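# Predicted model follows, preceded by the sequence.
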Amino acid sequence: MSLNLEISDKNNPETNTCFGKNYTSFYQGINKEFKDTFFFEYFIQLIIIALIYFNMGKGKYWKVIFYSSLVGLLGGILEHSTLAYICKISQKENKTRVYTFFIGEFFWIIAEYSIPYLNLLKMETIAEKRGKRIIEWIVYIFFIPFVIARLFDGYDRMMEGVLNTKISEQCHGVAYGSIAIADISCTFGMIHFIKKRVKTNSTNVTTVMSYFMNSSYTILILIDIVSFFYPYYI
């Protein structure tokens, strides 16, 4: 895998950058970009989480959720503001390095890898020390290839001046593969610890299922499953 140091055509539809965008001004570009579904999703998410955090959410868990959502929103603002500028008609033929694409990766790293970390926090109340430590090591170890892939992706985007490159497709595979392994490890860990706890209380299979259905851990498990398949649909 080698980097392409030449600046790519941002108007090419394959780059998913400026194709079909002819903004007459930065202000018009901001209005158009901020209507993007992906960005709007982060905005609505932050509002909902902020309401819960300041009214009901207490402790480290909700603090991590709030700040990771905030970081995700800031990453979205940075990326879409960049597109609003480089996709102006006056910048249409201007090929240049886009440094904010690399800077934005730091925001995405924090926002995306917060889910496995949240799972670790949630497991503190049910996991045995040795089992929790094993899962912690898995999550922390796969954080390394995740970060390397994201930063490598950001550097290539910066150098080529576009969002989608051949390198970015490979980097996304490594990054999302790493986060998927971390998520699935947490999922199986939670299932194991919950099952073990219920067995310790000498309960039957029906009670185990009832515990799962009524437990807040089920929500996290569903989030893990969705996050595992989500990258294949974007």
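Arrived safely, thanks for sending.
# what's near enough to touch residue 107?
Neighbouring residues of residue 107 by CB atoms under 8 Å, 6 or more residues apart in numbering: 71-72, 74-75, 78. The C-beta positions use only the backbone N, C-alpha and C, and glycine is treated the same way.
# Tell me which helix or strand the nearest residue to residue 50 once chain neighbours are set aside sits in.
The shortest distance from residue 50 to any non-neighbouring residue, by CB to CB, 6 or more residues apart in numbering, is to residue 66 (6.5 Å). Taking DSSP states H and E as the definition, residue 66 sits inside helix 59-86.
# model confidence over whichever helix or strand comes after that helix, on average?
Following helix 59-86 in sequence order, the next helix or strand is helix 99-112 (DSSP H and E). Mean pLDDT, computed over helix 99-112, is 95.
# how far off helix 59-86 does helix 99-112 point, in degrees?
160 degrees (axes from the mean of the first three to the mean of the last three CA atoms, to 10 degrees).
# Heading C-terminal from helix 99-112, find the next helix or strand.
Following helix 99-112 in sequence, per DSSP H and E, is helix 114-123.
# That following helix - contacts with which helices or strands?
helix 59-86, helix 129-160, helix 166-200, helix 217-229 (3 or more CB pairs under 8 Å, 6 or more residues apart in numbering; DSSP states H and E).
# closest one to residue 17 among the ones you listed?
Closest to residue 17 of these is helix 59-86 (CB to CB; 6.9 Å).
# where are the low-confidence patches of the protein?
Within the chain, the ranges that satisfy pLDDT under 70 run 1-5, 36-39, 57, 127, 198-234.
# on that earlier part again, got the helices and strands packed on helix 114-123 as a markdown table, with mean neighbour count and distance to residue 19 columns?
A markdown table is the format used below for these (neighbours: other CB atoms under 10 Å; distance: least, CB to CB, whole Å):
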| stretch | mean neighbour count | distance to residue 19 |
| --- | --- | --- |
| helix 59-86 | 18 | 11 |
| helix 129-160 | 18 | 15 |
| helix 166-200 | 18 | 16 |
| helix 217-229 | 15 | 27 |
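# I figured the residue nearest to residue 50 was touching residue 53, is that so?
Yes. If you go by CB atoms under 8 Å, residue 66 and residue 53 touch, sitting 4.3 Å apart.
# The helix or strand where residue 30 lies packs against which elements?
Here residue 30 sits within helix 26-33, counting by DSSP H and E. Secondary-structure packing of helix 26-33 (3+ CB pairs under 8 Å, 6+ apart): helix 59-86.
# what's the angle from the helix it packs on to helix 26-33?
130 degrees.
# name the helices or strands packed onto helix 59-86?
Against helix 59-86 (3+ CB pairs under 8 Å, 6+ apart) you get helix 26-33, helix 37-55, helix 99-112, helix 114-123.
# wait, which of those is closest to residue 152?
Per CB to CB, nearest to residue 152 of the helices and strands packed on helix 59-86: helix 99-112, 9.1 Å.
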